[in-house]
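A.B. asks: Fold the following and give me the result.
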Amino acid sequence: MSSEQNVQGMAAKRLVDEGSRPAAKSQFALLGQRRYGPFFLTQLAGAFNDSFLKQLAILLVTFHAAEYTSLSGGLVANLAAGLFILPFVLFSAFAGKLADRYDKSIVIRG
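C.D. replies: The predicted structure is shown next:
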């Protein structure tokens, strides 16, 4: 092997090694990107809204359960949480099948 081939091989190896290294930037640098920041905030607001309303509904159901039923508050809270989870259990397989069958961009466009 000539020294020129050895130098070329070392340069190619260095390029491969540098390309496989993760960027030195922090993961929080993504929030500053024009396309990712609004997406992150939308997802954050949706997740917070969903969790907040779910907990509020469970609290209200539990609070009013003492007035209208003879069931304990803990049992009613667990039943309410189970009812919130039930649609995910029932429809997740069907939704996954639909998601695999149809291209998302075509479904969004209509």
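A.B. asks: And the helices in the protein?
C.D. replies: In the chain, the segments counted as helices under DSSP state H are 3-20, 36-68, 73-101, 104-109.
A.B. asks: so how far is residue 66 from the residue most central in space within the chain?
C.D. replies: With distances taken as Cα atoms, centre = their mean, residue 43 lies nearest the centre of the chain, 8.1 Å away. Note on residue 43: its distance to residue 66, by Cβ to Cβ, to the nearest Å, is 36 Å. The C-beta positions use only the backbone N, C-alpha and C, and glycine is treated the same way.
A.B. asks: do residue 99 as well
C.D. replies: Distance of residue 99 to residue 66, given as Cβ to Cβ: 42 Å.
A.B. asks: cool, and residue 52?
C.D. replies: Per Cβ to Cβ, residue 52 is found 23 Å from residue 66.
A.B. asks: just residue 44 next, same as before
C.D. replies: Distance from residue 44 to residue 66, counting by Cβ to Cβ: 35 Å.
A.B. asks: same check, this time on residue 33
C.D. replies: Noted for residue 33: a distance of 50 Å to residue 66, by Cβ to Cβ.
A.B. asks: Quick check: closest non-adjacent residue to residue 73.
C.D. replies: Ranked by Cβ to Cβ, 6 or more residues apart in numbering and with sequence neighbours excluded, the top spatial neighbour of residue 73 is residue 62, at 4.8 Å.
A.B. asks: quick one: pLDDT of residue 36?
C.D. replies: pLDDT for residue 36: 84.
A.B. asks: ok, it touching residue 30?
C.D. replies: Yes. Assessed by Cβ atoms under 8 Å, residue 36 is found in contact with residue 30 at 4.8 Å.
A.B. asks: Could you report the neighbour count for residue 97?
C.D. replies: 10 (other Cβ atoms under 10 Å).
A.B. asks: so where is this structure shaky, pLDDT-wise?
C.D. replies: 1-24 (pLDDT under 70).
A.B. asks: Look up how far residue 53 lies from the residue nearest to residue 73.
C.D. replies: Taking Cβ to Cβ as the measure, residue 62 and residue 53 are separated by 15 Å.
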